[in-house]
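A.B. asks: next come a sequence and a model predicted from it.
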Amino acid sequence: MMRGNFQQPFKNLWLRFTDKIDVPLFALAFALLLLGIITLASAAHETPARVSGQAINILVALSVMWAVAQFQPQTLMRFALPAYALGLALLVAVALFGEVVNGARRWLNVGVTRIQPSEIMKIAMPLMLAWYFHKHEATLRLRDYLVASLLLAVPVMLIARQPDLGTALLVTAAGFYVIFLAGLSWRILLGLALAACASLPFLWSVMHDYQRRRILTLLDPTSDPLGAGYHIIQSVIAVGSGGLAGKGWLKGTQAHLEFIPERSTDFIFAVFSEEFGLIGNCLLLLLYLLLIGRGLTIAANAPTFFARLLAGAVTLTFFTYVFVNMGMVSGILPVVGVPLPLISFGGTAMVTLFLGIGILMSIHRHRKLVQT
Amino acid sequence: MRLAEFKDHQRELYHFQLRIGIAGAFVLAAFSLLVLRFVYLQVVQYDYYHTKAEDNRISIVPIMPNRGLILDRSGSVLARNYSAYTLEISPGKVADLDKTINGLEAIVEIRASDRTRFKRLMIEAKGADSLPIRTRLTDEEVAKFAVNRYRFPGVDIQARLFRQYPLNELASHLVGYIGRINDRDVEHIDDEGLTANYKGTDHIGKTGLEQSYESDLHGITGYEQVEVDSGGRGVRTLSRTSPTSGNNLVLTLDIKLQEVAEQAFGENRGALVAIEPATGGILAFVSKPGFDPNLFVDGIDPASWDLLNTSPDRPMVNRALAGTYPPGSTFKPYMALAALELGKRTAQQTIYDPGYFQFGNHRFRDDKPGGHGTVDMYKSLVASCDTYYYMLGNDLGIDNIARFIGQFGFGAKTGIDVDGEATGVLPSQEWKRKRFRKPEQQKWYSGETISVGIGQGYNAYTPLQMAQAMAAIANNGVIYRPHLVNYVENIKSGERTLIEPKLERAIALKPENIEFIKRALAGVNVEGTGARAFAKAEYTSAGKTGTAQVVALKQNEKYNEKNVTERHRDHALFIAFAPLESPKIALAVVVENAGFGARAAAPIARQVLDYYLLGKRIDTPAAEVPGDDGDD
């Protein structure tokens, strides 16, 4: 009796606290975070501060996820236009007043800290487009898809000009997934695909030298072994030399002898792959697959058009991160700055990703409350 | 109505779920692609990448051996090594060279000449993985860079051994110099199968002894297995095989004698070779002007290079070895010996010299107006009578001359232990046939033999050949191959490999003939053309003056020093050995465009002999002795 009385309030509190958390989603994300910390401990062995730094990033990101999960999807919908407008305004500001870091104008100094507005677009874009399609749900016409395309194209152009190919790619993907899931006809999709192919030469001509070089190097990394091809050559060696079972945790020579550049951020998968081998890779892919599967299930069962589109786009964007990063590290895609979700060191991406997961949880938990 | 709406919703949901399904399939396909890629890399290509990773990890770092020293016969150092820090850039690992160098400039002093030299090295040593931008850093500069090293990937400090020639210009031609290995050297190294031993070696002997004894001096490269990071910086050493230092060269050269000889030349151009007749060991080997070999070690700056190469004095030519000169009257002793040995003259036979030798339409003139009158062989040498040798040349014939005199090594490489020797020209009918293309040029004319008789015409020999021939006379016809190195010393074991005096040839000569020649040459220094230069000498000596025409004179033209531009003036020559009874030293001197041998060359020989035999040093250029213009 006494025990029950004492425990009951705590139990209620705990239930209320965890009420909106989707257990499968959280468990999968947590498993990935664990693998990430383990890998980071090896990749950043000479800068242990990164591990504790990452722990803080994770705590912040998890709080954001929890907070977002508490919102109802309708509330999220209200954020769509302001978030998009803010993101766009900041992107314009960056283009005008941004700080140049490593030759790219990506950062905006807002007094206390520098922010990277393109990151906001990764969430604001699907939010905005999902909201737009939801609003015109009953009367979707070709015009709506054109408007959506325009809403997508303007920020993407601004981001690509910075230049930040990785983020531009992810924002494009997020927007495209919404348009695709909103039911853009197959005929137009096919036409778009053809048009994309046709515009490749134009794209090539507007690309920066270093971007062109990355693509050329992908085709033949040995053409520039000490220059642009270096990242690819070394990371592919790391992956390949991992073999079936890997060299073992902390035993990756490519990682520990500093042959892998950016080994705690964009190229952390090379470290993971070297130390845990094919078996580790498959486990990692399985975890991602399950997480993506869970996300798609949530999307499929979501109650509103907005929620479906948003959940689907967020999940598929997550997939895009994984595929582009792993493809880049294993040498089948050009080098673009895309981190490995939940594994790579870095606070911004972590927060953005968990914001997405929070959105998925919000949509899942509130599916019965929002009956139309 | 509600039902329709519901159905509509259902159909919409169905469409959406279909698209989600398609997206899911796409995800599966994409992940399968990744799995295939992983299987390919980690299973199929595993061995390849495994090896690649291992190679990445363990790097074989060559350890350069210390280059052997070069010492003179008494242990004075002619070439040595010192250790210094250099700032080196690996061009392959630096994205923007200019930016990097500009950045470095803020930390250590980098002069414009350092930049130009670096650019030159970039072109010359394409394969080199690291090139110096600055050498001889101070301790302060080393410390300053160490603090900033992280800012300069591909740039590092190296402790390197540098070659140094402490005597600078002295004996520069014979010691030679080392320089950075260039493409041609790499080819040569590959051909010799020495590629492995030259890993890590940046320098190689380019000229002189540094070049010809490269294999002794270089040593055996050691190796260290090192775990390195991608910046090429060692993490830890796994194993080490120490290098074996190169061997020291101990020369037969007497550096003090060399110094005396070089000083005796003053500002004159020319060459001197002094040989120990009994062994063939070279005692002095002078070529003036010299150069500072230290300039070449780190890569010479273009300004100095131009200066050395465009100078009309041609300081880079080793005149003693590669310069060829007509012997002039120094040829006469060999002609006389030929006459005796071949029975064309006796010592006592006389000729009458009216001041010229008439051959067909051509009158060969003697230097002395009015001639020497009645001349026997002794007088022909002591007074250097041309007419005697015009006649003798004509009587002997070119092929007899060539055959006999060739035995003394004229017109053939001596085989001295340094590269770059010239062959010279010992004229003969056969030589002319080979030398020229057109039939009319190939024919030997008897008139040409007459000029050869007094050491002119096609005659052209190196000072080394002249000295060797003089040593042969001194040694009664026995010739030892000239050599600069006395022994090669293994520093570790102390083992000495002696360069044995190698008997080249023993010319069969009648003792009375060689004795007569020696006596006549002694007369030259006592009562003849060399008498003024050897006045009051405290030892006995033999010598012969010579003057070699640089431009042919026209018929009846009288040579007048003042009318001829400096470069067209005659070369002064002198050959000598001493002491007369038991010769310790034989030498040949050529002073370019200096006029009469008696006046310009003999005094140099006198200073050298004085020092070598008596230890007397004057340390001033040999003053010209006033001489009778008609002497030789």
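C.D. replies: That came through, no problem. Numbering: from 1, shown residues only, chains lettered A, B, ... in the order given.
A.B. asks: what residues are up against whichever residue of the stretch 1-150 of chain A sits closest to chain B?
C.D. replies: Proximity to chain B, evaluated over the stretch 1-150 of chain A using C-beta to the nearest C-beta, is greatest for A:E137 at 8.2 Å. In short, each C-beta sits where N, CA and C put it, glycine included. Applying C-beta atoms under 8 Å, 6 or more residues apart in numbering or on different chains, we find A:E137 in contact with A:F305.
A.B. asks: now do the one 3 residues further on
C.D. replies: Going by C-beta under 8 Å, 6+ apart, A:L140 touches A:133, A:182-183.
A.B. asks: what backbone torsions are found at the residue in the stretch 451-600 of chain B that chain A sits nearest to?
C.D. replies: Here the residue of the stretch 451-600 of chain B nearest chain A is B:K492; by C-beta to the nearest C-beta that distance is 35.4 Å. The phi/psi pair for B:K492 (degrees, to the nearest 10) reads phi -70, psi -50.
A.B. asks: repeat that for the one 4 residues further on.
C.D. replies: The phi and psi torsions at B:R496 (degrees, to the nearest 10) take the values phi -120, psi 130.
A.B. asks: gap between it and B:N486?
C.D. replies: 9 Å (C-beta to C-beta, to the nearest Å).
A.B. asks: where do the contact lists of those two overlap?
C.D. replies: In contact with both B:R496 and B:N486: B:V250, using C-beta under 8 Å, 6+ apart.
A.B. asks: more crowded one of the two?
C.D. replies: Remark: of B:R496 and B:N486, B:N486 carries more neighbours, 20 against 13, as counted by other C-beta atoms under 10 Å in any protein chain shown.
A.B. asks: taking the centroid of chain B, which residue is nearest it?
C.D. replies: The centre of chain B sits closest to B:G208, judged by C-alpha atoms, centre = their mean, with a distance of 3.2 Å.
A.B. asks: how about it, nearest residue that isn't a chain neighbour?
C.D. replies: B:G176 (1.9 Å; C-beta to C-beta, 6 or more residues apart in numbering or on different chains).
A.B. asks: quick check, the one you found in contact with B:E214.
C.D. replies: No. B:G176 is beyond contact range of B:E214, at 9.9 Å (criterion: C-beta atoms under 8 Å).
A.B. asks: those two: which has the busier surroundings?
C.D. replies: Shown here are B:G176 and B:E214; by other C-beta under 10 Å, B:G176 has more neighbours (27 against 23).
A.B. asks: what sits against the more buried one?
C.D. replies: B:205-212, B:293, B:418.
A.B. asks: quick one, strands of the stretch 201-350 of chain B?
C.D. replies: Remark: strands assigned in the stretch 201-350 of chain B by DSSP state E, counting those that start in this stretch are B:203-205, B:222-228, B:234-241, B:248-251, B:270-275, B:282-288.
A.B. asks: same question but for the stretch 51-200 of chain B, I mixed them up
C.D. replies: Using DSSP E, counting those that start in this stretch, the strands assigned to the stretch 51-200 of chain B run over residues B:58-63, B:70-71, B:77-89, B:131-134, B:155-164, B:178-180.
A.B. asks: and stretch B:526-536, end to end?
C.D. replies: End-to-end span of stretch B:526-536 (C-alpha to C-alpha, to the nearest Å): 9 Å.
A.B. asks: now the helices: where do they sit in the stretch 251-372 of chain A?
C.D. replies: Assigned by DSSP state H, counting those that start in this stretch, the stretch 251-372 of chain A shows helices spanning A:253-256, A:268-300, A:305-329, A:347-365.
A.B. asks: is chain B contacted by the last one?
C.D. replies: Right, helix A:347-365. No. Using C-beta under 8 Å from any C-beta of the partner chain, helix A:347-365 never reaches chain B; the gap is at least 13.3 Å.
A.B. asks: tilt between that helix and helix A:268-300?
C.D. replies: 20 degrees (axes from the mean of the first three to the mean of the last three C-alpha atoms, to 10 degrees).
A.B. asks: what's the average pLDDT for helix A:347-365?
C.D. replies: Mean per-residue pLDDT for helix A:347-365: 93.
A.B. asks: again with the shortest one
C.D. replies: Per-residue pLDDT values over helix A:253-256 give a mean of 80.
A.B. asks: show me what it is in contact with.
C.D. replies: Outside helix A:253-256, the residues that touch it by C-beta under 8 Å, 6+ apart are A:42-43, A:45, A:234-235, A:237-238, A:241, A:247, A:250, A:259-260, A:263, A:270-271, A:274-275, B:53-54, B:56-57.
A.B. asks: same thing but at 7 Å, please
C.D. replies: A:42-43, A:45, A:234, A:237-238, A:241, A:247, A:260, A:263, A:270-271, A:274, B:53, B:56-57 (C-beta atoms under 7 Å, 6 or more residues apart in numbering or on different chains).
A.B. asks: swap in stretch B:16-28?
C.D. replies: Here stretch B:16-28 makes contact (C-beta under 7 Å, 6+ apart) with A:180-181, A:292, A:296, A:299-300, A:308, A:312, A:316, A:319.
A.B. asks: now do the buried residues in it.
C.D. replies: Buried residues in stretch B:16-28, defined by neighbour count with 16 or more other C-beta atoms under 10 Å in any protein chain shown: B:16, B:19-20, B:23-24, B:27.
A.B. asks: give me phi/psi at the nearest residue to B:S113 once chain neighbours are set aside?
C.D. replies: Once flanking residues are discounted, B:S113 sits nearest to B:D301: 4.8 Å by C-beta to C-beta, 6+ apart. The phi/psi pair for B:D301 (degrees, to the nearest 10) reads phi -80, psi 150.
A.B. asks: from B:R115, how far off is B:D301?
C.D. replies: 10 Å.
A.B. asks: more neighbours: these two, which one.
C.D. replies: B:D301 (17 against 14).
A.B. asks: need the contact list for the more buried one.
C.D. replies: Contacts of B:D301 (C-beta under 7 Å, 6+ apart): B:113, B:116-117.
A.B. asks: buried ones among the residues you listed?
C.D. replies: B:R117.
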